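Trainee: Okay, here's the prediction I keep looking at, along with the sequence it came from:
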Amino acid sequence: MSTNTIQLQDVLPRAGLVIDNHKPFTCRPQRDKLIVAKLRQARVIGRAFLKRNEYRGTLNAALEAMFIAAAQDNVRAKLTKAANDDDDDDDDDDEGGYLDFVDEVKKHVEWAQQLSSSVFLDFFTALLGARVAWNANPRQPLDPNNHSTTAKVAQALLDLEPGL
């Protein structure tokens with residue numbers, strides 16, 4: 001199998017997430033390719049990913065670390081800063097909100113440092129959306145103990161921040 005045929009939606013964990021195989025994960029094929037390239041560059045996934053299951057654990061660990069970073073109080077504070085500073089319209093750089101939150105998460109994700117903020121935003125949002133979609137329409141495995149680590153930590157973040 002050629003390394004160019006690795007698709008992002010093919011390498012992501014499935015249990016506890018809803019991922020459509022028939023469309024790009026971030027809705028833009030070129031963004032998916034950039035993400036796969038950065039994951040490969042960081043050795044989170046390898047050239048023979050689909051043939052070697054050991055990379056699945058590495059990818060789950062990398063995505064788990066991303067959501068653990070997102071759950072840190074100082075990172076999540078970016079979500080609420082805008083609500084606490086509604087009278088301060090002049091300070092756009094420190095406004096807070098979802099975009100600033102995701103940018104702060106990206107700072108803690110080593111493999112994503114070379115991605116643009118918009119590509120990382122699409123990826124992070126799509127992963128959270130995959131868990132939200134599973135919550136709205138659960139599929140096998142139904143037992144949360146059998147969900148991927150990625151699904152579990154995404155759910156933990158959603159439990160901390162239900163508005164995401």
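Mentor: Structure's in. What do you need? Residues are numbered from 1 along each chain as shown.
Trainee: Would you mind identifying the next helix or strand past the helix or strand of the chain with the lowest mean pLDDT?
Mentor: Lowest by mean pLDDT, DSSP states H and E among the helices and strands of the chain is helix 73-84, with a mean of 81. Scanning forward in sequence from helix 73-84 by DSSP states H and E, the next helix or strand is helix 98-107.
Trainee: what residues does that following helix touch?
Mentor: The contact list for helix 98-107 (Cβ atoms under 8 Å, 6 or more residues apart in numbering) reads 66, 69-70, 75-76, 78-79, 81-82, 112-113, 115, 117, 120-121, 124-125, 164. Just so you know, the C-beta spots here come from the backbone N, C-alpha and C atoms, and that holds for glycine as well.
Trainee: Now list the buried members of the residues you listed.
Mentor: Buried members of the contacts of helix 98-107, scored by 16 or more other Cβ atoms under 10 Å, are 66, 69-70, 75-76, 78-79, 81-82, 112, 115, 120-121, 124, 164.
Trainee: Run a quick neighbour tally on Gly163.
Mentor: Residues within reach of Gly163, counting by other Cβ atoms under 10 Å, total 7.
Trainee: cool, and Trp134?
Mentor: For Trp134, the neighbour count with other Cβ under 10 Å is 20.
Trainee: ok, it - contacts?
Mentor: Trp134 makes contact with 16-18, 151 under the criterion Cβ under 8 Å, 6+ apart.
Trainee: Check Thr80 too.
Mentor: Applying Cβ under 8 Å, 6+ apart to Thr80 gives the contacts Gly96.
Trainee: likewise Ile35?
Mentor: By Cβ under 8 Å, 6+ apart, the contact list for Ile35 reads 8, 25-26, 115, 119, 123.
Trainee: which among these gets closest to Lys33?
Mentor: Within those, the smallest distance to Lys33 is 7.8 Å, found for Leu8 (Cβ to Cβ).
Trainee: hang on, isn't that closest one packed against Cys27?
Mentor: No. At 11.1 Å, Leu8 does not count as touching Cys27 under the criterion of Cβ atoms under 8 Å.
Trainee: Now Val132. Nearest residue, chain neighbours left out?
Mentor: The shortest distance from Val132 to any residue other than its chain neighbours is 7.0 Å, reached at Leu158 (Cβ to Cβ, 6 or more residues apart in numbering).
Trainee: contacting residues around the closest residue to Ala156 other than its chain neighbours?
Mentor: Distances taken as Cβ to Cβ, 6+ apart place Ala71 nearest to Ala156, at 6.3 Å, with adjacent residues excluded. Residues counted as contacts of Ala71 (Cβ under 8 Å, 6+ apart) are 153, 156-157, 160.
Trainee: Perfect, I'm done here.
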